[in-house]
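Colleague: just coords:
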């Protein structure tokens, strides 16, 4: 984690996730107004009947762009739930599996755009879309007998925060980029085909059916709650079914504490929803990040135990991860996850309960370097009693109504804005000299000075920032032998 020595912190909250108690009965469906294929060497195509993306398909790489008309009347209500329903249904390959990250586009495009509009290649992070993804999605088109969810060719992806941000900033609505994450499971149990594709809006223009990509939205339910982030990936891996992949519609992950089977639960979080307005992650820290996980146990009272939470070291995605991704022995301490647990929590059989763990330090590491963000793994380390069944920690899919929304897993966060010491310049203004600096609005600044190695002393100078260049004046001139600094107070 990078070292930050802030002189000032402001706590603030941001609405980052839909927090709902039920699947709304009256949802509005909206189809994209534009979708575009971009490929490393093929011509861009905004009129094709399919969109597709993947690493290695057609001997190249590709992404897909989607855009919605935020001025459509469907968006006029207060939206509490917005899910991007993505369906792989346009003659997909038998094993068109894998996950993709969803990014907020920051440059405009339309269906006539080509790679020339993106510096002669595919859109790039930090240039054409925000560097941090908003969330992830994925498919699991496993063959029969491999386990997982039947019909794993659909995903419902939470875009509530992004769509509501577009509503407040319609001129910044440039849609999303879907970028493949590649084959993170090197031991995928069947031939891996990274191509993913689905019907474009051109298939049935002007109408929506069950095979269309779309936004499913509603204005009922509980309003979004600030400072909650739901998982971008969560699943379970099982020693008993080592090639099993869990996908959509799983209301829980699984933990088996009994000797007859070992299951581990995996969770990962993305932070792109915190920076929809272009904020720099380097300017932020989490002052707190608490992992809250409701769960249900199907054992009996007295069937108790302990769960250890560890940082994952090996990349994975919920579309393809399996026990055998990590070898026949499953994830290994010191190799696939940090051997030292972040927290240990107790569970009680026959109950509906929840656990919480402080992930502040780890979440700040992920914020500072997203490449280190491989999430966490939950491992049962001790149990007593006669466990004949499992315990079921909640998954992000509970926000579709399998459990109630109060049981969704999430991070509770508080964010500290880091106000660093501003750079200063001594300038001449007429017959006077001044110390000039870039201020931040509503931040109070003071001027300090020192001679040699003495401690800095308060000069008594005070200014309240207005977001512009500001100056501390001294009609007698600032002493060239002194050292000065402006700090937030």
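Modeller: In hand now; what should we look at? Quantities reported herein were computed from a predicted structural model and do not represent experimental measurements. Numbering: from 1, shown residues only.

Colleague: worst-scoring helix or strand of the chain, pLDDT-wise?
Modeller: strand 8-12 (a mean of 37; mean pLDDT, DSSP states H and E).

Colleague: so after that one, what's the next helix or strand?
Modeller: Later in the chain than strand 8-12, the nearest helix or strand by DSSP states H and E is strand 28-30.

Colleague: And the contacts of that next one?
Modeller: Under the criterion C-beta atoms under 8 Å, 6 or more residues apart in numbering, residues 68, 72, 74, 75, 77, 208, 214, 215, 216, 217, 218 lie in contact with strand 28-30. No exception for glycine: its C-beta is placed from N, CA and C like everyone else's.

Colleague: what residues are up against the first one?
Modeller: I take that to be residue 68. With C-beta under 8 Å, 6+ apart, residue 68 has these contacts: 30, 32, 33, 75, 163, 166, 173, 175, 215.

Colleague: hmm, 7 Å instead?
Modeller: Residue 68 sits next to 30, 32, 33, 215 when contact means C-beta atoms under 7 Å, 6 or more residues apart in numbering.

Colleague: Among those, name the ones in strands.
Modeller: 30, 215 (DSSP state E).

Colleague: State the three-state secondary structure for residue 325.
Modeller: helix (DSSP: H, G, I helix; E, B strand; the rest coil).

Colleague: how near is it to residue 245?
Modeller: Distance from residue 325 to residue 245, counting by C-beta to C-beta, to the nearest Å: 9 Å.

Colleague: again with residue 471
Modeller: Residue 471 is 61 Å from residue 245, by C-beta to C-beta.

Colleague: The two: which has the busier surroundings?
Modeller: residue 245 (28 against 17; other C-beta atoms under 10 Å).

Colleague: where along this protein do the helices fall?
Modeller: Along the chain, counting by DSSP state H, helices occupy 160-168, 360-368.

Colleague: With mean neighbour count, mean pLDDT and distance to residue 278 added, can I get the ones you listed in a markdown table?
Modeller: Compiled in a markdown table, those are given as follows (neighbours: other C-beta atoms under 10 Å; pLDDT from 0 to 100; distance: least, C-beta to C-beta, whole Å):
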| stretch | mean neighbour count | mean pLDDT | distance to residue 278 |
| --- | --- | --- | --- |
| helix 160-168 | 20 | 91 | 11 |
| helix 360-368 | 19 | 92 | 16 |
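
Colleague: which of the contacts of strand 28-30 are buried?
Modeller: By neighbour count, with 16 or more other C-beta atoms under 10 Å, the contacts of strand 28-30 hold 68, 74, 75, 208, 214, 215, 216, 217, 218 as buried.

Colleague: Show me which of those residues has the smallest pLDDT value.
Modeller: Within the buried ones among the contacts of strand 28-30, residue 218 has the lowest pLDDT, namely 72.

Colleague: per-domain residue ranges of this protein.
Modeller: Domain segmentation of the chain under automatic domain parsing yields 23-220, 223-284+291-411, 422-488.

Colleague: Might you report the residue contacts of the closest residue to residue 474 other than its chain neighbours?
Modeller: Distances taken as C-beta to C-beta, 6 or more residues apart in numbering place residue 433 nearest to residue 474, at 6.0 Å, with adjacent residues excluded. Contacts were defined as C-beta under 7 Å, 6+ apart; by that measure residue 433 touches 426, 474, 477, 478.

Colleague: Quick check: of the residues you listed, which lies closest to residue 136?
Modeller: Residue 136 lies nearest to residue 426 out of those, by C-beta to C-beta, at 49.4 Å.

Colleague: Kindly state the beta-bridge partners for the closest one.
Modeller: Assessed by DSSP bridges, residue 426 has beta-bridge partners residue 435.

Colleague: residues near it, how many?
Modeller: Neighbour tally, residue 426, other C-beta under 10 Å: 15.

Colleague: With residue 240 instead?
Modeller: 12.

Colleague: what do you get for residue 487?
Modeller: 18.

Colleague: List the contacts of it.
Modeller: 7, 421, 445, 446, 448.

Colleague: And the furthest pair within the residues you listed?
Modeller: When these are compared pair by pair using C-beta to C-beta, the maximum separation belongs to 421 and 446, at 11.3 Å.

Colleague: Let me see the ranges of the strands in the stretch 201-350 of the chain.
Modeller: For the stretch 201-350 of the chain, the strands defined by DSSP state E, counting those that start in this stretch cover 214-218, 228-229, 233-238, 263-268, 284-297, 304-311, 343-348.

Colleague: same thing with the stretch 1-150 of the chain?
Modeller: 8-12, 28-30, 34-39, 50-55, 61-67, 81-87, 98-104, 135-139.

Colleague: could you redo those strands as a markdown table and give each row mean neighbour count and distance to residue 237?
Modeller: What follows is the strands of the stretch 1-150 of the chain, written out as a markdown table (neighbours: other C-beta atoms under 10 Å; distance: least, C-beta to C-beta, whole Å):
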| stretch | mean neighbour count | distance to residue 237 |
| --- | --- | --- |
| strand 8-12 | 14 | 37 |
| strand 28-30 | 17 | 34 |
| strand 34-39 | 22 | 33 |
| strand 50-55 | 22 | 23 |
| strand 61-67 | 24 | 28 |
| strand 81-87 | 22 | 23 |
| strand 98-104 | 26 | 15 |
| strand 135-139 | 25 | 15 |
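
Colleague: quick one on the thing from earlier: looking at the helices of the chain, which is nearest to residue 342?
Modeller: For residue 342, the closest of these is helix 360-368, at 6.3 Å, according to C-beta to C-beta.

Colleague: before we move on, back to that, among the domains of the chain, which gets the worst mean confidence?
Modeller: Looking at those, the bottom one is domain 223-284+291-411 with a mean of 80.
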